[in-house]
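> any chance you can model this:
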Amino acid sequence: MTNKNNTNNNKPSLSIIIPAYKEAANLRWLLPILKEEAQKSFNDYEIIVVDASPSLDDTASVCPQEGVKYLQRTGGNEYGRAVLTGIAAAAKAKIAFMDADGSHKPADLAKMYEFADKYDLIIGSRYIKGGATDNSKLLKLESGLLNWLYRKILGVKTQDISNSMRIYDARQLKSLELSCLHFDILEEILIKLHINFPKLSVKEAPIHFYRRKEGVSNRRLFVFIFSFLKTALILRRLKKDRKKTC
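As a prediction, the model looks like this:
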């Protein structure tokens, strides 16, 4: 799909990947809003929904109705599998990820896209000036602690390390060898981009993180915490090993 709005004709093309796991009810209202925003804000774009395999709800029928690409993740139903499937399928110069549950708004993605021709990586941030989150106090505490730990362990300056709403350079992202299968794949991508591309340019753009509209979260607290801590230690060792060889 190509945007006919001349104001964005010089912006890079964009693949928008939406991992979905029993999110048909949310996609019914999200996709029309996203398509409307895309028509006016993005240049030469595609929207790809990556469903569970096999599909567990009506997502397979919702996507064709809205005229977006539909895929099922390969290799398993973990979140990381959806991310890897989306990366492999993306055909545009930039790759954006956003959640299917309504926590990310298309208008915020459009604001992030304004920086797409100036930075390699744009991160939607809840924790910089202008950003906000509707999460409960407990989730805010959990997220804040996680981000603080990753900054301390891995030495990155990014304020919001765990939010999935990002825009990547497709060439850089597709070059990474990724192994994490849960939500920790977000941190794996961030650290490996910094390791493989020392001159990586990063921009944090403020976004509002909303509570999901329908359904329940697919995150499991024990798996979530264990995988993040394990990944942090692995990435720290990888980063140290890379420094020794440079």
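
> how near is Q39 to N8?
11 Å (Cβ to Cβ, to the nearest Å). Just so you know, the C-beta spots here come from the backbone N, C-alpha and C atoms, and that holds for glycine as well.

> more neighbours, the two?
N8 (21 against 14; other Cβ atoms under 10 Å).

> how about the more buried one, what does it touch?
Neighbouring residues of N8 by Cβ atoms under 8 Å, 6 or more residues apart in numbering: 41-43, 113.

> helices along this protein, start to end?
24-41, 59-66, 79-89, 106-113, 137-154, 170-174, 185-196, 221-245 (DSSP state H).

> between those, which one is nearest to S13?
Ranking the helices of the chain by proximity to S13 (Cβ to Cβ) places helix 170-174 first, at 8.9 Å.

> quick one: low-confidence residue ranges for the protein.
Applying pLDDT under 70 to the chain flags residues 3-7, 213-246.

> how many neighbours does the residue nearest to G76 when sequence neighbours are not counted have?
Spatially, and ignoring its direct neighbours in sequence, G76 is nearest to L181 (7.0 Å; Cβ to Cβ, 6 or more residues apart in numbering). L181 has 20 neighbouring residues, counting by other Cβ under 10 Å.

> what does P54 give?
With other Cβ under 10 Å as criterion, P54 counts 8.

> that one and D44: what is the separation?
Applying Cβ to Cβ to P54 and D44 gives a distance of 32 Å.

> for M1, same thing?
Distance, M1 to D44, using Cβ to Cβ: 7 Å.

> next one: Y168
For Y168, the distance to D44 - Cβ to Cβ - is 16 Å.

> these two: which is more packed in?
Legend: neighbour count by other Cβ under 10 Å for Y168 and D44, higher for Y168 (25 against 16).

> excluding chain neighbours, what is closest to the more buried one?
Per Cβ to Cβ, 6+ apart, closest to Y168 is I95, 4.8 Å.

> and what of C180?
Using Cβ to Cβ, 6+ apart, the nearest residue to C180 is E188, at 4.4 Å.

> pretty sure that neighbour contacts L178?
Yes: taking contacts as Cβ atoms under 8 Å, E188 lies within contact range of L178: 5.8 Å.

> okay, these two: which has more neighbours?
Each of E188 and L178 has its neighbours counted (other Cβ under 10 Å); E188 has more, 23 against 14.

> so that one versus G124, what's the distance?
18 Å.

> many thanks, we can stop here.
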